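# Need the 3D shape of this:
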Amino acid sequence: MKFDCCAIIPSYNHWTVLPAVVDALLAQDLPVLIVDDGSDRPAAQAITALHAPERRITVIRRPVNGGKGAAVCDGLRAAWTLGFSHAVQIDADGQHDLAQLPAMLAAARARSDAIVSGVAVYDRSVPTGRKIGRWVTHLWVYVETMSLRISDSMCGFRVYPLAAVQELLAEESVGAHMDFDTEIMVRLFWRGVPPVMLPVRVIYPPGNLSNFDLLRDNWRITRMHTRLVFGMLARLPSILRHRPPPVARPGHWAVLQERGTLWGLSLVGHAYRLLGHRGILPLLLPIILYFHVTGRTQRAASRHYLRLVGGRDPSQLDLFRHSLDFAVRALDSFAAWAGAIPAGAMQIESADSLQRAAADRSGRLLVVSHHGNADLSRALMAPALRQRLTVLVHTRHAENYNRLLRELNPEAAGRTVQVTEIGPDTAIALRACIERGEWVAIAGDRIPVLSQGRVVRVPFLGQRAAFSQGPWVLASLLGCPVSLLFCWREGGRQWRLALEDFSGPVTLSRGSRAAEIGGLAARYAARLEAYCRRKPFQWYNFFDFWAETGER
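Got it, this is the predicted structure:
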């Protein structure tokens, strides 16, 4: 299909910068259709004066103001009647950075079936209320599309494929006011029109006149989202077909890709600072629901685990609760590193054990797990004790989340070592840490990234599961006592921490090495199982933990 594009500018009482916008569009060889949505004088006169067919500028006058959506629809229909294949929609008030127009047109030519839309990049001129409203709409659009592909549905700078638009407008109604931009984009997505998103700088010029009616338009947007949510439920099978295809089943936990974008996580972080823990949780529910519904691998792993720990098939509500608990755990970590959780919120179980360990100036190995929230215990730990702690981690499958934590509090990344990088030099450095009286922490319920064959299968929740040999081999190399650390949420905003003495310095005999490692791993698995049964929804290994090693 031949690419033939024009520009549509809806205007209601915006005319002061309109000539400059028109000139910029003409410079890109775009015919311009201006839709005057019943503007008052002198705006109407100024807009009418721009009508110049010889310059390919056409002004369409609506006698009565009908709303932005009604004006754009009139322009889209007129563009289709004139034989154009595509149309650029842009605001008349100069908010949009027209320097991005060539990139948007190039993307539209490359994907003529797609809607190419701007993703607003604001400066400090954006009103706070407008930012909050956009966040709320973004969250609802994720639910309505069951996808993160539409990263900004409210930016009025976009390129439409007119054939798909005309088909939609002939069969469905869309919002006539400020609800238009979001609704038409969601409904096009439902019909299989792919979105292509490009960043666009957006400003709020001094003295800018906004046509947004705070009460009426917010009510219209609320009604729109209600319509779209119910429409989503009715169209769910077709909507799921339009999502990106699922990735292949991963062979190891470290291959599971991080499913949250940096901008999305940053958005949640800013919302948390603004709204607090109680205020942000309702807004997160649509996001959690999206990841729960689309995470088939994680959901299957959750079902298997909950069946073993609970002795029955989990309900759909149980599965969602497990996903919700994991999201709350991430939010708790964020809050702890932000200083929003006081140290007193974490109660110490067997406090004398922790006091003895803290007073002991010799080093020790801490074996932690993915039950509860060991990271929160590090955030709430006394600074002097945290300075003694080196944590072995694998965060490369969660770079965005960990980058956000680092930006929030640099100590979140302090004294950590990537487990993919452990070699002789690292082992020597860890031994030096122990000799200085420091603690080294390692997870006992994950197979090492580069050592999948170095496992031992031991009983766990009624089936044999593969546990890493790494913690116990490392314990023998470091020659120090071993403790287990567990930290779990008791409910509300309270947590409990337990530090258990596990063994003295580990010595592995050459002739019985495998059996000794197996015994240590089995003892650790038994303690982990006890905590899983105590708080079953707080174990967060969302992969097939019981699969044969080669399948993992």
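# quick one, domains of the protein?
5-240, 336-551 (automatic domain parsing).
# For residue 291, find the nearest of those.
Residue 291 lies closest to domain 5-240 among the domains of the chain, at 9.3 Å (C-beta to C-beta). C-betas here are computed from N, CA, C, even on glycine.
# how distant is that closest one from the center of its chain?
Distance of domain 5-240 from its chain centroid, counting by C-alpha atoms, centre = their mean, to the nearest Å, is 26 Å.
# wait, residue 179 sits on residue 219?
No: applying C-beta atoms under 8 Å as the test, residue 179 and residue 219 come out as separate, 9.6 Å apart.
# sorry, back to before: is it possible to get CSV of the domains of the chain that adds mean pLDDT, distance to residue 298 and mean neighbour count?
Formatted as CSV, the domains of the chain follow (pLDDT from 0 to 100; distance: least, C-beta to C-beta, whole Å; neighbours: other C-beta atoms under 10 Å):
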stretch, mean pLDDT, distance to residue 298, mean neighbour count
domain 5-240, 86, 15, 18
domain 336-551, 82, 4, 17
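# Same list, those, but as CSV with distance to residue 294 please.
Below are these laid out as CSV (distance: least, C-beta to C-beta, whole Å):
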stretch, distance to residue 294
domain 5-240, 7
domain 336-551, 13
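# so which of those comes closest to residue 302?
With C-beta to C-beta as the measure, domain 336-551 is the member of the domains of the chain nearest residue 302 (6.2 Å).
# now the residue nearest to residue 3 when sequence neighbours are not counted: how far from residue 31?
Of all residues not flanking residue 3 in the chain, residue 109 sits nearest, at 5.0 Å (C-beta to C-beta, 6 or more residues apart in numbering). To residue 31, residue 109 is 17 Å away according to C-beta to C-beta, to the nearest Å.
# again with residue 539
61 Å.
# circling back to that earlier point, any idea how far the residue nearest to residue 3 lies from residue 85?
Going from residue 109 to residue 85 by C-beta to C-beta gives 10 Å.
# Residue 97 too?
Distance of residue 97 to residue 85, given as C-beta to C-beta: 25 Å.
# before we move on, back to that, show me the contact partners of the helix or strand the residue nearest to residue 3 falls within.
Under the criterion of DSSP states H and E, residue 109 resides in helix 101-110. The contact list for helix 101-110 (C-beta atoms under 8 Å, 6 or more residues apart in numbering) reads 3, 5, 24-25, 28, 86, 88, 114, 116, 118, 157-159, 161, 196, 198, 200.
# Follow the chain on from that helix and name the next helix or strand.
Proceeding N to C from helix 101-110, the next assigned helix or strand is strand 115-122, under DSSP H and E.
# Just the angle for that following strand relative to helix 101-110, thanks.
150 degrees (axes from the mean of the first three to the mean of the last three C-alpha atoms, to 10 degrees).
# Check what contacts strand 115-122 and list those residues.
96, 100, 104, 107-108, 131, 134, 150-155, 157-161, 164, 185, 188, 193-203.
# Helices - which of the residues you listed land there?
104, 107-108, 131, 134, 164, 185, 188 (DSSP state H).
# Output those residues as a markdown table; include the columns distance to residue 458.
Listed next are those as a markdown table, based on distance: C-beta to C-beta, whole Å:
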| residue | distance to residue 458 |
| --- | --- |
| 104 | 57 |
| 107 | 54 |
| 108 | 58 |
| 131 | 51 |
| 134 | 51 |
| 164 | 57 |
| 185 | 52 |
| 188 | 53 |
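# Can you name the two of these that sit furthest apart?
Farthest pair in the ones in helices among the contacts of strand 115-122 (C-beta to C-beta) is 131 and 164. Separation: 30.5 Å.
# show me where the stretch 351-500 of the chain has helices.
Remark: helices assigned in the stretch 351-500 of the chain by DSSP state H, counting those that start in this stretch are 351-359, 374-380, 383-386, 399-408, 424-435, 470-478.
# Could you list every helix and strand in contact with the shortest one?
Taking 3 or more C-beta pairs under 8 Å, 6 or more residues apart in numbering; DSSP states H and E as contact, there are no helices or strands that helix 383-386 lies on.
# now that helix: how far from the chain's centre is it?
31 Å.
# what do you get for the longest one?
Computed by C-alpha atoms, centre = their mean, the chain-centroid distance of helix 424-435 equals 36 Å.
# Now do that helix: everything it contacts.
With contact meaning C-beta under 8 Å, 6+ apart, helix 424-435 is reached by 362-365, 390, 417, 440, 474, 477-480.
# Specify which member of those residues is nearest to residue 304.
The closest of the contacts of helix 424-435, once distances to residue 304 are taken by C-beta to C-beta, is residue 474, at 28.8 Å.
# Now do the closest one against residue 386, distance only.
21 Å.
# pretty sure residue 471 is touching residue 445, no?
No: under the criterion of C-beta under 8 Å, residue 471 makes no contact with residue 445, lying 9.7 Å away.
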